[in-house]
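**Q** show me the folded form of this:
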Amino acid sequence: MNDNFWEEKFLTTQGESFTLLRKTFTIALDGNPAIYLSELINWRNYLKEKKCLLPNESFYMEGNLIERNTGFDKSKQSRILNILKEKELISCERRGTPSRNYYSINFKKVYLMTENSQQNQENPILESENLDSVENPPILDSENYNSRFRETNKSNKEEAIKTESKIQEELRSSSLIDSYAFRNESSLDIVVPLKRRTITTPIVFESQSRRRYRKDIVDIITYWNSSPGLSRIRTPFNDDSNPTKTFESVVKTVQGIMKGNYFNSVGLSKYERVYTKEELITTIDRFKLMATNPSYLPTRKDAIRKVGLGSFFYNPYANGMPSYFIKCLEEEPKYVTANAKAREDKNPNMTKLLKEIYVDMVLMGEVKDFNRMEENKFIEGAEKLQKFIKRIHPRVNMIASLTQWAEFFVNSLVEKWGVSQIYPGHLCADHSFNDVFVRHLKNKGRID
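**A** Residues are numbered from 1 along each chain as shown. Below is the predicted model of the structure:
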């Protein structure tokens, strides 16, 4: 089949999937911010044609739509958005329930940015001579521009010849053998003379030889650092930095454990014996499941993720858990569902609403598979919310649906603790209903 067939097929199937990108944006901005800004303007123009813009000219655009059109994920969108906000090209405000990004475009800044970039491209000489500050800059026609370019090029050429002659003269005067002077400069048979070097700084040798570590100890530390989600320690393996005190302490601890004389020194003589490299690797694997996998206990992993390799072996300040190493050596990680039984759901509609609003407002729309304990928290929270609505009903001065009640409740938790600090356990805590939610409703004027 010829090219025309494939061109026709492409335009008929993919013709509407292009992003209208302003060329001036690619000159004034890097590629990604230019694409992002063009996408926002295209979407705004579409909304304007449909008469869907807000009275203040702001508009809402879903992050999923931007990702589908540009390929930028959430983290990249956040970085690009910060760049455009710093340049004051756009402003972004989160509002509404659930909260969403509403954009406003500063077309004055966008216009000035594109005009300046076009002028810099069209008049490079004016830009290089800083003639922007001149009230009436000279207008250069093509003849003047070409003559001026020839003069500049000629002067640069003469200066380069003078510099080259000076370098050649210096090489001749300092050459080791006079007979190796330059021959005909137009010939390719040119012998470059040698120049005598003088050492200005003495060679500095290491005052102390670099320390070597046992391979099995290095393997264990490297295995810990290569485990995603665990707290890394700085090592001197891949750079010329000196080993830190933390690193030296960890090396000493691992060495003592593998020799069999460490736990006796910290008062845990019951576990005093020689441990193999394979045993240490196994305990690290088990600890990884506890610290990073939501399907294993503990459900709250903020504290355990901060445990470093040294504290993993022994932490004298820990409450009830002086050594995760010993715990992981003696016990398998416990699966969450093994300890949790399904709770009876007396309010399935409210439970479903509460979970959907939690995903939308706290997880920012990211779908997650909740474990059994978390599911029980949603069920308990829905039951308590139903009882709260009945109890507070005589004081309520508004009419609200169950969906609105669930949104009010989750929004009160977000305002209190912030999105990153809320977990399903907050939805069923007595403090959330007896204090946080009541204060929120009073401040909003929803109850008397």
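
**Q** how long is stretch 390-403 end to end?
**A** Across its full length, stretch 390-403 reaches 15 Å between end residues, using CA to CA, to the nearest Å.

**Q** buried sites along it?
**A** 392, 402 (16 or more other CB atoms under 10 Å). Where you see a C-beta, it was placed from the backbone N, CA and C, and this is true even at glycine.

**Q** chain center to it: distance?
**A** Relative to its parent chain, stretch 390-403 has a centroid offset of 41 Å by CA atoms, centre = their mean, to the nearest Å.

**Q** can you list contacts of that stretch?
**A** With contacts defined as CB atoms under 8 Å, 6 or more residues apart in numbering, stretch 390-403 is touched by 349, 350, 353, 357, 408, 438, 441, 445, 446, 447, 448.

**Q** taking the residues you listed, please make a ChimeraX selection of just the buried ones.
**A** Only the buried entries of the contacts of stretch 390-403 go into this ChimeraX selection, using 16+ other CB under 10 Å:
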select :350,353,357,408,438,441
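
**Q** list just the nearest of the contacts of stretch 390-403 to residue 327.
**A** The shortest approach to residue 327 among the contacts of stretch 390-403 belongs to residue 357, at 37.4 Å (CB to CB).

**Q** just checking, what packs against whichever helix or strand the closest one is part of?
**A** Take DSSP states H and E as the rule and residue 357 turns out to sit in helix 348-361. Applying 3 or more CB pairs under 8 Å, 6 or more residues apart in numbering; DSSP states H and E, one finds that helix 348-361 contacts helix 372-392, helix 402-417.

**Q** buried set for it?
**A** 350, 351, 353, 354, 355, 357, 358, 359, 360, 361.

**Q** CA atoms only: put that helix into CSV for me.
**A** In CSV, the C-alpha atoms belonging to helix 348-361 read as follows (Å, rounded to 0.1, in the frame of the first residue of the first chain):
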residue,chain,number,x,y,z
PRO,A,348,-24.1,-0.3,53.1
ASN,A,349,-25.1,2.8,51.2
MET,A,350,-23.4,5.2,53.7
THR,A,351,-20.3,2.9,53.7
LYS,A,352,-20.1,3.1,50.0
LEU,A,353,-20.5,6.9,50.0
LEU,A,354,-17.9,7.4,52.7
LYS,A,355,-15.4,5.2,50.8
GLU,A,356,-16.0,7.0,47.5
ILE,A,357,-15.6,10.5,49.1
TYR,A,358,-12.5,9.3,51.0
VAL,A,359,-10.9,8.2,47.7
ASP,A,360,-11.9,11.4,45.9
MET,A,361,-10.8,13.9,48.6
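
**Q** other residues contacting it?
**A** Contacts to helix 348-361, defined as CB under 8 Å, 6+ apart, come from residues 97-99, 345, 365-368, 370, 378-379, 381-383, 385-386, 402-403, 406-407, 409-411, 414, 419, 424, 427.

**Q** just the buried residues from the residues you listed, in PyMOL please.
**A** Applying 16+ other CB under 10 Å to those, the buried members can be selected in PyMOL as follows:
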select buried, resi 98+345+378+379+381+382+383+385+386+402+406+407+409+410+411+414+424+427
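
**Q** can you tell me how far residue 362 sits from residue 404?
**A** Applying CB to CB, to the nearest Å, the value for residue 362 to residue 404 is 17 Å.

**Q** I meant to write residue 392 there.
**A** Taking CB to CB, one finds residue 392 at 14 Å from residue 404.

**Q** pretty sure residue 259 contacts residue 274?
**A** Yes: with contact defined as CB atoms under 8 Å, residue 259 reaches residue 274; the gap is 6.8 Å.

**Q** in contact with residue 447, which residues?
**A** Here residue 447 is in contact with 392, 395, 396, 397, 438, 441 (CB under 8 Å, 6+ apart).

**Q** closest one to residue 217 out of those residues, please.
**A** The nearest one, if we look at the contacts of residue 447 relative to residue 217 and count by CB to CB, is residue 438, at 56.7 Å.

**Q** which of the helices or strands spans the closest one?
**A** helix 438-443.

**Q** mind showing which ranges of the chain have poor pLDDT?
**A** 1-24, 26-27, 30, 97-98, 117-211, 238-240, 337-340 (pLDDT under 70).

**Q** per-domain residue ranges of it.
**A** Per automatic domain parsing, the domain ranges recorded for the chain read 13-113, 162-204, 216-338, 348-443.

**Q** quick one, which of the ones you listed is packed in tightest?
**A** domain 348-443 (a mean of 16; mean count of other CB atoms under 10 Å).

**Q** how far does that one stretch from start to finish?
**A** Domain 348-443 has an end-to-end distance of 30 Å (CA to CA).

**Q** ditto for stretch 362-373
**A** Length of stretch 362-373, first residue to last, CA to CA: 18 Å.

**Q** next one: it to chain centre, how far?
**A** 21 Å.

**Q** JSON lines for the helices and strands packed on helix 348-361, including distance to residue 301?
**A** Formatted as JSON lines, the helices and strands packed on helix 348-361 follow (distance: least, CB to CB, whole Å):
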{"stretch": "helix 372-392", "distance to residue 301": "13"}
{"stretch": "helix 402-417", "distance to residue 301": "17"}
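
**Q** among the ones you listed, which is nearest residue 45?
**A** Going by CB to CB, the one of the helices and strands packed on helix 348-361 nearest residue 45 is helix 402-417, 31.7 Å.

**Q** how far away is the residue nearest to residue 101 when sequence neighbours are not counted from residue 57?
**A** Nearest non-adjacent residue to residue 101, counting by CB to CB, 6 or more residues apart in numbering: residue 92, 5.4 Å away. To residue 57, residue 92 is 14 Å away according to CB to CB.

**Q** tell me, what's touching these two both at once?
**A** In contact with both residue 92 and residue 57: residue 104, using CB under 8 Å, 6+ apart.
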